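[1] Sequence and predicted structure, then a few things I'm wondering about:
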Amino acid sequence: MSSASTTDQVVHPPAPPLAPIAERAAAPSTLPAVTAGDLTWRPATSADAPALLTLRNDIAEADQEPYRETLDEIEELFTAPWRDVAADTLVGADADGALRAYAMVDTNPGDARTVRVFLAGGVHPTHRARGIGREVLAWQVARARQVLAASGKELPARLALYGEDSDPPAKVRLYARFGFAPRRFYADLRRDLAAPVPEVPLDGSLRLVPWSPELDEATRLAHNDAFRDHWGSEPRTAEAWTHGRSHHAPQWSFLVVDDAPDVDALLAGAETEDLVDEETAAALRAGEPLVVGYQMASRYDEDFPVRGYSFGYTDILGVRRAYRGRRAAVAALAAGMRAFAADGMQYASLDVDTENPSGAHGLYASLGYEKVSGSRMYSIEI
């Protein structure tokens, strides 16, 4: 058989149109009752934060999860303005009032490519094997479908939950029973800070600066642009970007700005969505600062004894698509690593999608990062 001509084109059939989200979500009109375990069930309230912290950390310890939470983190669950806590949470209390199980569903107000609902929940180790987890997950899935249907967003949809690679087999089997399949895998990496951190020079008008509140909105825009082509990533709204920062470490966070961007070229790219997004285009026209790379870090002291070492954690790292190849993200990361080390941290840590399209794995390996553990996202695609 002769080979196809180089002028031949493979024509892929168009994807079938999506059914309306209200139809695809298949949301029930009423939620299934949760009655297992002789517990009293009700929505969570902010007053439950201390008890919920104890429950979640007891679950984390029993399941050998590599982290623990703080009261500040739990309280943040109740303060996000887009969350309907009364409708989207459930806790089960025993006869003494102690919380023994919980369920939450949440969505991101900025979802623009895939509308997602995230599920989180668990059962105290002393109350497992009583059918509680099965009923709790059934409630979560039903409520998540209601949230999807109510979103009105005619987009691909996803129900998602996260787990550790080391999760108990019973938990994994439960997910599979409800139709959740492992969809994405993540690696938890660390880098020994006893080794020298390389200097990373920047070219042209690029300049490394510490993170500051004045540049935070420009950093959000850089993040939304940087992750436009990353699987599962969605734009962050201003309120979602600034919420949940109880462990943010500004002294460890660094940015790269372009002091003399080629505005005309960037705006020309905006017309074809090749270089900048609409929000960035508006900021450029207004003469706002242009953040092109960033490393946002947090400090999780409560995790140090769990892991057996101190570390600085890179929450998010990215570079604008138009600036890839100019080492802006590497410079910001290296600055963060030096700041970790200066404050006595033993390691630099971060998580990365194992299928990251930007070549991040090679970058981290070249800087001395090694895998410690892994996690995964399970989902139902709708």
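    Yes, it's here. Predicted model, so just to flag it, every value in this text is computed and none were measured. Numbering: from 1, shown residues only.
[2] Give the burial count for the residue lying closest to Leu193 once chain neighbours are set aside, as a bare number.
    Nearest residue to Leu193, sequence neighbours excluded (C-beta to C-beta, 6 or more residues apart in numbering): Ala341, at 4.2 Å. Yep, even glycine has a C-beta here, placed from its N, CA and C like the rest. The tally of other residues near Ala341 (other C-beta atoms under 10 Å) stands at 19.
[3] Provide a list of residues in contact with Leu55.
    Going by C-beta atoms under 8 Å, 6 or more residues apart in numbering, Leu55 touches Leu99, Arg100, Ala101, Tyr102, Gly122, His124.
[4] Highest neighbour count among those?
    Ala101 (27 neighbours).
[5] Now that residue: which helix or strand?
    If you go by DSSP states H and E, Ala101 is part of strand 99-107.
[6] shaky segments in the stretch 151-300 of the chain?
    Along the stretch 151-300 of the chain, the model assigns pLDDT under 70 to residues 269-275.
[7] so where do the helices sit in it?
    Secondary structure of the stretch 151-300 of the chain (DSSP state H, counting those that start in this stretch): helices located at 169-177, 216-226, 238-242, 263-270, 278-285.
[8] Deepest-packed of those, please.
    Most buried of the helices of the stretch 151-300 of the chain by mean neighbour count (mean count of other C-beta atoms under 10 Å) is helix 216-226; its value is a mean of 22.
[9] What separation do you get for Glu302 and Val136?
    In this structure, Glu302 and Val136 are 26 Å apart, going by C-beta to C-beta, to the nearest Å.
[10] Which one's more surrounded, the two?
    Val136 (25 against 14).
[11] Once you drop chain neighbours, what's closest to the more buried one?
    Nearest one to Val136, counting by C-beta to C-beta, 6+ apart, is Ala103 at 4.8 Å.
[12] Contacts only, for the one you found.
    Ala103 touches Thr89, Leu90, Val91, Leu119, Ala120, Gly121, Val136, Leu137, Trp139, Gln140, counting by C-beta under 8 Å, 6+ apart.
[13] change it to 6 Å
    Leu90, Gly121, Val136, Trp139, Gln140 (C-beta atoms under 6 Å, 6 or more residues apart in numbering).
[14] quick check, nearest of those to Asp38?
    Val136 (14.3 Å; C-beta to C-beta).
[15] Surely the closest one forms part of a helix?
    Yes: assignment of Val136 by DSSP: H, G, I helix; E, B strand; the rest coil places it within a helix.
[16] Wait, it touches Gly121, no?
    Yes: in this structure, Val136 is within contact of Gly121 by C-beta atoms under 6 Å, at 5.3 Å.
[17] Return the distance of Gln251 relative to Gly244.
    Gln251 is 19 Å from Gly244, by C-beta to C-beta.
[18] Quick one: the strands in the stretch 201-350 of the chain, in order.
    Secondary structure of the stretch 201-350 of the chain, counting by DSSP state E, counting those that start in this stretch: strands at 206-210, 254-258, 291-298, 311-319, 347-353.
[19] what helices or strands is the first one leaning on?
    Translated: strand 206-210. strand 254-258 (3 or more C-beta pairs under 6 Å, 6 or more residues apart in numbering; DSSP states H and E).
[20] Need the nearest residue in space to the spatially most central residue of the chain, chain neighbours excluded.
    The residue lying closest to the centre of the chain (C-alpha atoms, centre = their mean) is Ser233, at 8.1 Å. Using C-beta to C-beta, 6+ apart and skipping residues adjacent in sequence, the residue nearest Ser233 is Phe227, 3.9 Å away.
[21] pretty sure Met345 contacts Tyr309?
    No: counting by C-beta under 6 Å, Met345 sits too far from Tyr309 to count as a contact (8.6 Å).
[22] out of these two, which sits in the busier spot?
    Met345 (20 against 15).
[23] For that one, give me its contacts.
    Met345 neighbours (C-beta under 6 Å, 6+ apart): Ser310, Phe311, Gly312.
[24] looking at the helices of the stretch 151-300 of the chain, which is closest to Leu255?
    That would be helix 216-226 among the helices of the stretch 151-300 of the chain, by C-beta to C-beta, at 6.1 Å.
[25] and that closest one with helix 278-285, angle?
    Helix 216-226 and helix 278-285 are oriented at 130 degrees to each other (axes from the mean of the first three to the mean of the last three C-alpha atoms, to 10 degrees).
[26] So which other helices or strands are in contact with helix 216-226?
    Helix 216-226 sits against helix 278-285, strand 291-298, strand 311-319, with contacts defined as 3+ C-beta pairs under 6 Å, 6+ apart.
[27] go again using 7 Å as the cut-off
    helix 238-242, helix 278-285, strand 291-298, strand 311-319 (3 or more C-beta pairs under 7 Å, 6 or more residues apart in numbering; DSSP states H and E).
[28] How about residues contacting it?
    235-236, 238, 241, 255, 276-277, 279-280, 283, 288-292, 294, 316, 318-321 (C-beta atoms under 7 Å, 6 or more residues apart in numbering).
[29] at 6 Å what do you get?
    The contact list for helix 216-226 (C-beta under 6 Å, 6+ apart) reads Pro235, Arg236, Trp241, Asp277, Glu279, Thr280, Pro289, Val291, Tyr294, Gly318, Val319, Arg320.
[30] So what sits opposite the residue nearest to Val136 in the bridge?
    Listed beta-bridge partners, Ala103: Leu90, Gly121 (assigned using DSSP bridges).
[31] ok, it to Leu119 distance?
    8 Å.
[32] what's the answer for Pro305, then?
    Pro305 is 29 Å from Leu119, by C-beta to C-beta.
[33] Those two: which is more packed in?
    Taking other C-beta under 10 Å, Pro305 and Leu119 do not tie; Leu119 has more neighbours (25 against 10).
[34] how distant is stretch 105-124 from the center of its chain?
    10 Å (C-alpha atoms, centre = their mean, to the nearest Å).
[35] contact partners of that stretch?
    Residues outside stretch 105-124 that contact it (C-beta under 6 Å, 6+ apart) are 55, 58-59, 82, 88, 100-104, 132-133, 136, 140, 143-144, 147-148, 151, 153, 155-161, 234-237, 240.
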